[in-house]
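S.K.: Okay, predicted coordinates and the sequence, questions at the end:
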Amino acid sequence: MPPKRKSDLLEPVIDLTAEQSESLPESLPGKENVTVALAPEPAAKKARKVDVGEGSSSSTDTKKGKKAEENQYKSWRDVLLEGEEEGDIPIYDDCNDIRRKIRALQKDPNFKVTHWLREIGNINNNSYQRFMKASGPHGGASNGTYYAAYVYFEKVRIFEKKKKSAKRIRMEQEHARGLPTEERRGMWVYTGV
């Protein structure tokens, strides 16, 4: 009857150059002076080294007399914007600025649009594509991608402790309550009798 398992067919690997101390087991009769080469043991795993982050204080900073500046946020998601709880954050970047920032993100080789859309609020890809195809400072203002991307970029700006741009400061002065989130095209104003 043929063997049922591959292991029944295989014979032990015999190495004639190995030391005599590793002799074959007694179960193999007639091969008393032959040694078996054992497989090398895998290397032991090393523990990971933990890098000290920029925000944490270390003994070298305190020795130099510098006060370590602690980052109060662990990621951009931890940043809480004024009015975010109510869902009414004033927007001070127009649609063109947001599209420009998104295109800058896309130049990063590790950036994936679908992952980013999921992170900023589970935005539909079709909505994102419509926003990116729109043009003008108010084109796509009513799109959900505009609001979610603005919130993302504002949180990242605060997390990275970057200053506001000159245009941003000018927009805050011109539009105290933020830019409108409706597109101006297609609106009709009737002033007649």
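M.R.: Thanks, I have the structure now.

S.K.: buried stuff in the longest helix seen in the chain?
M.R.: In the chain, assigned by DSSP state H, the helix with the most residues is helix 144-159. Buried residues in helix 144-159, defined by neighbour count with 16 or more other CB atoms under 10 Å: 144-155, 157, 159. For every residue, glycine as well, the C-beta is placed using N, CA and C.

S.K.: Please identify which of the residues you listed is nearest to residue 129.
M.R.: Nearest to residue 129 among the buried residues of helix 144-159: residue 145, at 9.0 Å, using CB to CB.

S.K.: Excluding chain neighbours, what is closest to that closest one?
M.R.: By the measure of CB to CB, 6 or more residues apart in numbering, the closest residue to residue 145 outside its immediate chain neighbours is residue 131, 4.1 Å from it.

S.K.: what packs against the strand or helix carrying residue 101?
M.R.: Element membership of residue 101, judged by DSSP states H and E, is helix 95-106. Using 3 or more CB pairs under 8 Å, 6 or more residues apart in numbering; DSSP states H and E, the elements in contact with helix 95-106 are helix 125-133, helix 144-159.

S.K.: Quick one: closest of the ones you listed to residue 93.
M.R.: When those are ranked by proximity to residue 93 (CB to CB), helix 144-159 comes first, at 5.8 Å.
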